[in-house]
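J.: Have a look at this prediction, sequence included:
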Amino acid sequence: MTRILGKKQISQLTFFEYITGIVLGDLAGFMSTDINAFFIHGFVAILVWFTVPLTLELLTLKSKWMRDWFEGKGTIFIQEGKILEDNLKKERYTADELLEQLRAKNVFRVADVEFAVLEASGDLSVLLKKENQPVTPAQLGITTVREREPQTVIIDGNLMDEPLATAGLSREWLFTELEKIGVTLENVFIGQVDSFGQLTVDLFDDKLQVPAPAQKPLLLATLKKCEADLALYSLAVDNRGAKRMYERCSEQTNRILKQIEPLLKT
């Protein structure tokens, strides 16, 4: 029944969900230990406390007014860098409790906060001022690629065929990569493949050191060598057409290197 009620029963509880969870647990405990009580009465009570929250949850999905009534609304604590003391009093929050919540978000100066709101779940959401926000690759003009979900291809020394196929790889590739780093399949506790096809492993034998993945550094070094070779060929040939072709290819490779070098160094 609690599984049907949803994952919110064990995560972000509203007041109503909190009370529902307590009552359901108390009724289940009462039915399990009180041998003199009628089992059917307890079952009916649990059924009622299951049906009512489920019905209300379905209704709140369709009505914002009911959501605000049963789940509550967020309360703004800091707006445009200014603490709203009246809202703190309304939620019976002290300055110490506000500072504690900010520290939990790795914020140690109130002056760094642009906006903060206490959500209905009791969590504090914080927006830093623009100058205090972390720099993103987009702001630096760095091109990024879409990350794919890492695939766990080995668990407890057992090969997982489905994740391996999802990554577009074969068993032969996996055994070759394991051979490169000098480990056996049976000694691998967890093995994962990332977006770039790099295999990382955690071994049962913690004393054994595993070399770091080398696919990206190797690709970067290979591209740099290609660019250097093309530049060398352009200097070595006497034919003007071939010289211009090698120079053009070298310039194109150099432009590509500038674009992908930040990705291959991460």
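T.: Thanks, I have the structure now.
J.: Skip the chain neighbours and tell me the closest residue to A167.
T.: Excluding its sequence neighbours, the residue lying closest to A167 (C-beta to C-beta, 6 or more residues apart in numbering) is Q151, at 4.4 Å. Placement of C-beta: from N, CA and C, glycine included.
J.: Which pLDDT value goes with that neighbour?
T.: Looking at Q151, its pLDDT reads 91.
J.: for it, phi and psi?
T.: The phi/psi pair for Q151 (degrees, to the nearest 10) reads phi -100, psi 130.
J.: do L127 as well
T.: According to degrees, to the nearest 10, L127 has phi -120, psi 120.
J.: Show me the beta-bridge partners of it.
T.: Under the criterion DSSP bridges, L127 forms beta bridges with F115.
J.: Distance check, it against A95.
T.: With distances taken as C-beta to C-beta, to the nearest Å, L127 is found 20 Å from A95.
J.: what does M245 give?
T.: 71 Å.
J.: These two: which has the busier surroundings?
T.: M245 (15 against 11; other C-beta atoms under 10 Å).
J.: any idea which helix or strand carries that one?
T.: helix 240-264 (DSSP states H and E).
J.: What about the residue lying closest to L169 once chain neighbours are set aside, how many residues nearby?
T.: Computed as C-beta to C-beta, 6+ apart, the closest residue to L169 that is not its neighbour in sequence is V193, at 6.6 Å. Neighbours of V193 under the rule other C-beta under 10 Å: 25.
J.: ok, V193 - contacts?
T.: Applying C-beta atoms under 8 Å, 6 or more residues apart in numbering to V193 gives the contacts 150-151, 153, 163-164, 167, 169, 199.
J.: Show the buried residues in those residues.
T.: By neighbour count, with 16 or more other C-beta atoms under 10 Å, these hold 151, 153, 163-164, 167, 169, 199 as buried.
J.: Just send those back as CSV, with secondary structure and distance to I19 too.
T.: Compiled in CSV, these are given as follows (DSSP: H, G, I helix; E, B strand; the rest coil; distance: C-beta to C-beta, whole Å):
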residue, secondary structure, distance to I19
Q151, strand, 42
V153, strand, 45
P163, helix, 41
L164, helix, 47
A167, coil, 46
L169, coil, 50
L199, strand, 49
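J.: which one of these sits closest to K105?
T.: If you rank the buried ones among the contacts of V193 by distance to K105 using C-beta to C-beta, Q151 comes first, at 32.0 Å.
J.: Report the contact partners of that closest one.
T.: Per C-beta under 8 Å, 6+ apart, neighbours of Q151: 163-164, 166-167, 192-193.
J.: quick one: which two of these are the most distant?
T.: T166 and Q192 (12.2 Å).
J.: Dihedrals phi and psi, the residue nearest the centre of the chain?
T.: Taking C-alpha atoms, centre = their mean, the centroid of the chain lies closest to E149, which sits 10.0 Å from it. Torsion angles at E149 (phi, psi; degrees, to the nearest 10) stand at phi -70, psi 130.
J.: Please, which helix or strand holds the residue of the chain most remote from its centre?
T.: Among residues of the chain, the one most distant from the C-alpha centroid is D238; the distance is 55.7 Å, by C-alpha atoms, centre = their mean. Assigned by DSSP H and E, D238 falls within no helix or strand.
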